[in-house]
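got a predicted structure plus its sequence, pasted below:
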Amino acid sequence: MSKFKNLVVFIKILIDLVLNRTFGNIIHDFALKYNEKLSKCEFRKLNKLYTKVDKAEQDIHFLQNCQNFGVFPKFITFNLPNVNFHDAKFIRKRLLKSAIHKRKKEKYQSLKEKTELQNDIKAFLSPVDWYILQK
């Protein structure tokens, strides 16, 4: 049992050392290792999709908070000529609602792309490499 524990600790230390490298170097190493099956572009695209999904989630959270508190973000609060206050408020609420819907749609699309690309990449990577890539 002690040997197994030592092996697990060694693997954990090794993974921590690998993860201290920059993401571009890790991608480069994986692209060299799996050069005929996967390209560096696929790893970069996966990284960009992770960022895109996270940003969409943050935007949705912000817009929903604005909606809940009855506050309008700056990109919605522009002057409307010859419109009374109640009509302007209705228009801003409608714009906020459509912005939330649009960001949710973009998030769903990015999430779908990310899942497809993850499945394609995961099919070629070893479990240890996949764990390193996820971290």
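Ah, there it is.

measure how far the helix ranked longest in the chain is from the centre of its chain, please.
When the chain is parsed with DSSP state H, its longest helix is helix 85-124. Taking the mean of its C-alpha atoms, helix 85-124 sits 12 Å from the chain's own mean (C-alpha atoms, centre = their mean, to the nearest Å).

what's the burial count for Lys97?
12 (other C-beta atoms under 10 Å). (C-beta placed from N, C-alpha, C; glycine too.)

quick check: it touching Gln64?
No: using C-beta atoms under 8 Å, Lys97 is not in contact with Gln64; the gap is 10.3 Å.

tell me what the longest helix of the chain is packed against?
Where contact means 3 or more C-beta pairs under 8 Å, 6 or more residues apart in numbering; DSSP states H and E, helix 85-124 is packed against helix 40-69, helix 127-134.

kindly recompute the last result at 7 Å.
helix 40-69 (3 or more C-beta pairs under 7 Å, 6 or more residues apart in numbering; DSSP states H and E).

lowest average confidence, helix or strand, in the chain?
helix 23-33 (a mean of 66; mean pLDDT, DSSP states H and E).

before we move on, back to that, buried residues, the longest helix of the chain. List them.
For helix 85-124, a neighbour-count test (16 or more other C-beta atoms under 10 Å) marks 92, 95-96, 99-100, 103-104, 106-107, 110, 113-114, 118, 121 as buried.

which one of those residues sits closest to Ile11?
Closest approach between the buried residues of helix 85-124 and Ile11, by C-beta to C-beta: Ile121, at 21.6 Å.

for Pro73, see how far away the closest one is.
36 Å (C-beta to C-beta, to the nearest Å).

most distant residue from the middle of the chain?
Each residue of the chain has a distance to the centre, and by C-alpha atoms, centre = their mean the biggest one is for Asn82: 41.9 Å.

tell me the secondary structure at that residue.
coil (DSSP: H, G, I helix; E, B strand; the rest coil).

great, nothing more from me.
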